[in-house]
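Colleague: Provided below for reference: sequence and predicted model.
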Amino acid sequence: MSINYLLLTRFLLILVVIGSAFIVGGIIIALCGGNALLAFYWLFQGAFTPMLIPETLVRATPLLLISEGLVVAFSARMWNIGAEGQFYMGGISAAIFCIIFKYFTIPMQPIALLLAGLSGALWALAPSILKVRYGINEIITTLMLNYIAMYFVSYLLQGPFRDPVSMFPETESIPLHLQIPVVVGGTRLHLGVVFSFFVIVPVTYYFLERTNYGLRIKILGSSSRVAQYSKIHCDKVMIQSMLISGFLAGLAGGIEVLAVQHKMRLELSPSYCQYGYTGIAVALLSYLNPILTMFISIFIGGLINGSMTMHRMASIPVGMANIIQSLIIVFILIGYYVEDKLSWRILERLRRK
Amino acid sequence: MIVVELRNITKIYPGGIVANNNVNFDLKKGEIHVLLGENGAGKTTLMKIMSGCLTPNKGSIIVNGRNVFFKSSMDALKHGIGMVHQNFTLIPTMTALENIKLGLMDKKIKVDDLVRDVENIFSKLSFPRIDLNSPVYMLSTGEKQKIEITRLLLRGVKVLILDEPTSMLCGFEADKFLDLLRLLTLEGCSVVFTTHKIREAMKVSDRITVMKNGRVITTLKREDVKSEDDLVKLMIGEKIEMKTVKHEVQFDGTPLLLVRNLVVADDQGVVKVKNISLELHRGEILGIAGVEGNGQKELVEAIIGFKKPLSGELIINGDLRYIPSERELGVAQSLSVLVNSIIRSLNDMDFKGKWGTINMSGVKKFSEEIISFMNMNIPSLNMLVKHLSGGNIVRLIVGREILKTREILIAEQPTAGLDVRSAYLVRRNLIELASRGVGILLVSSDLDEIMELSDRIAVIRNGEIVKVFSRNEADPKLIGAYMLE
């Protein structure tokens, strides 16, 4: 059927987009006097050798959660650029909760994570209300709130919640019984990874594709006037899609703290990852498809990890991975255009048959 | 003397659709040549080739006896050939004057000179005044069209191609527009215009070329055409019984729709509906006739709840369905046909599953019902609406609304953009709905359609209902007089 052709085109285009980014990235490496092939060899080694796959999945998990949320928000045309801040707010709330209640020996991770999600959602609430009430561009407000979140967290980590015995601005470690357990011994592959891949992904997919509510979001995303015509409460849907996205970003922060870092640090989203921003690229590259998002986050997660191996083994700066990521975004935009042209041609050819 | 000749033109779109198959066409100096054909007959493609927007796969273009090749519409303009597209190419946020200036070769022309030139053309063609400094989106369709024509004339166009120029104009505007064409030929222009309306072809033309399925069937002199039926036969191959049978309506019980002293303003705050009162009864088709822009849009927007009236009473006794004239409003472009069949029925129990899910089998069944009802030919239900042809989008919207109508239907231009056969099907179904007790408010700029279907005809002018005709007293001339007076 025609739709399969279209999906195939889309899939091939994603490969072309990624491939083109690598080719241009390779040219840049070569121009700087590096060996591009060697660099990419180590990049893939660092990302996808069987031994390192769990690490790639761990890296992909925050990306996945954030981008699933962004897929929801973007589907409603709410351009949430504030996942980074929501991620930090989630992380700090989970950490603070665990520190305050560290002497309770009952497993309270779900509460901590819920709190993390709610903090992220809260951080997304103000921009969405400003947008709905006063028409203030959410791109700017969410982006600005990232800095506020960062400095707020920084204040908490330097001040009231600083671990007195640590040299760094970070909280004390979360006791073992409040951490999220590892599922495969000898790796960092934790329960949060499993939860994200096997619960959040299908739920998001089902939510967007098969529920009345998801349909409303998508109609709104198609055109707000059509949504109005379909008797959808646009304001409500806009705010809610934003809250879902904030919730998932906050949840990602909570999971990262409870399962990977075991404390809140200022580098919860290190400069070479920037989960909140990279998540935008993941969501866009996956054409707002919750299933595709899963594969793209694994790929980008691998890219981030691989870049460090590349750095060690081929002496190519870690920043190269950022360049490739940025190139991917540029090629995505070209890809959108090409896809539109191609799908017309394919449909016409099929119609002809 | 022949100005432009298209010889053996074949155009195959990427993907293999043969839009023009070995077509010959010529245009004589100072004539009005009508290109007649149904939607999809290949008229627009041929005209786009003539104006340089498309390049043909085979064939040649001869301008004033010389073989030419158009790489783009710029090349065609240099040869004095310009086209007004069906979807205008004006930039909505810029003013009319800025838009005119955009198309000019001479960028340094002084504003005063330009205004003088424009007004010169306006007076020659006896256009009404248009505020040149208002942004284009605030202009009416007719005004936009005039700006487009002025723009081309200022660029020295001698061969004017008009693609479906009357499709967005209502009866009287269209008639006036046809008169304008004569004026243009007096100014030394040669005009080609495409249409699927036989009446227009008969009204103003020197020659008529009929196209069907990408081929030219024949080219006739206007004098040689005896009756409209001849053209119908050529156009669609066989004759379709166009007349629909009417039933009787009983005016009893409470009206389905009661509008009393309604006042509605448009987006700019200008009062467009002034004190309108209406009643729509069970089994009645109430036609709203009027020149576009006289408050029909705002009246309908208030009824469907899109716009809050400033004052007045609005009582709706029943479930209301709506066919918007603005088709983009009826479909979510980036979603599938499947989903689009239910976007107006999100709370319909047929499509709801447990826990807020969608009942996909119910949705699928309904989509298939629409498709077979409207004879749509599409490869898959999962196809995105933006990939559908314009006609299929109209079929989807109209089919969906007709099938879901139980009590009240507000039908705006229900057959605009449909081919003869589908339009007939829609009209027959509107009558069928009415005979089952549905009340239909029919808002159309096609007076023939209103005359054919309505039990009562309310004429709207300048935001007021100036006259209500019953079926028996309705007379097109009289209605027309009320519309314009």
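Modeller: Structure's in. What do you need? Residues are numbered from 1 along each chain as shown, chains lettered A, B, ... in the order given.
Colleague: could you use CA atoms for every contact and neighbour count after this?
Modeller: Will do.
Colleague: the stretch 351-485 of chain B against chain A: which residues are in contact?
Modeller: With C-alpha under 8 Å from any C-alpha of the partner chain as the criterion, the stretch 351-485 of chain B meets chain A at residues B:352, B:356, B:357, B:358, B:360, B:378, B:379, B:380, B:382, B:383, B:387.
Colleague: poorly predicted segments of the stretch 101-250 of chain B, please.
Modeller: When residues are selected by pLDDT under 70, those of the stretch 101-250 of chain B lie in B:105-107, B:168, B:170-171, B:236-250.
Colleague: now the helices for it?
Modeller: Using DSSP state H, counting those that start in this stretch, the helices of the stretch 101-250 of chain B run over B:111-124, B:141-154, B:171-186, B:198-203, B:228-236.
Colleague: just send the residues of the stretch 351-485 of chain B next to chain A back as JSON lines, with neighbour count, secondary structure and pLDDT too.
Modeller: What follows is those, written out as JSON lines (neighbours: other C-alpha atoms under 10 Å in any protein chain shown; DSSP: H, G, I helix; E, B strand; the rest coil; pLDDT from 0 to 100):
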{"residue": "B:352", "neighbour count": "19", "secondary structure": "strand", "pLDDT": "80"}
{"residue": "B:356", "neighbour count": "13", "secondary structure": "helix", "pLDDT": "82"}
{"residue": "B:357", "neighbour count": "19", "secondary structure": "strand", "pLDDT": "85"}
{"residue": "B:358", "neighbour count": "22", "secondary structure": "strand", "pLDDT": "86"}
{"residue": "B:360", "neighbour count": "17", "secondary structure": "helix", "pLDDT": "86"}
{"residue": "B:378", "neighbour count": "15", "secondary structure": "coil", "pLDDT": "77"}
{"residue": "B:379", "neighbour count": "13", "secondary structure": "coil", "pLDDT": "74"}
{"residue": "B:380", "neighbour count": "13", "secondary structure": "coil", "pLDDT": "79"}
{"residue": "B:382", "neighbour count": "17", "secondary structure": "coil", "pLDDT": "83"}
{"residue": "B:383", "neighbour count": "21", "secondary structure": "coil", "pLDDT": "81"}
{"residue": "B:387", "neighbour count": "18", "secondary structure": "helix", "pLDDT": "76"}
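Colleague: what is the nearest of those to residue B:174?
Modeller: Closest approach between these and residue B:174, by C-alpha to C-alpha: residue B:387, at 30.3 Å.
Colleague: element containing the closest residue to that closest one other than its chain neighbours, please.
Modeller: Distance criterion C-alpha to C-alpha, 6 or more residues apart in numbering or on different chains; nearest residue to residue B:387, sequence neighbours excluded, is residue A:344 at 6.8 Å. Taking DSSP states H and E as the definition, residue A:344 sits inside helix A:319-352.
Colleague: verify the contact between residue A:308 and residue A:315 for me.
Modeller: No - applying C-alpha atoms under 8 Å, one finds residue A:308 not in contact with residue A:315, separated by 9.5 Å.
Colleague: of those two, who's got more company?
Modeller: Neighbours per residue (other C-alpha atoms under 10 Å in any protein chain shown) separate residue A:308 from residue A:315, with residue A:308 holding more: 23 against 13.
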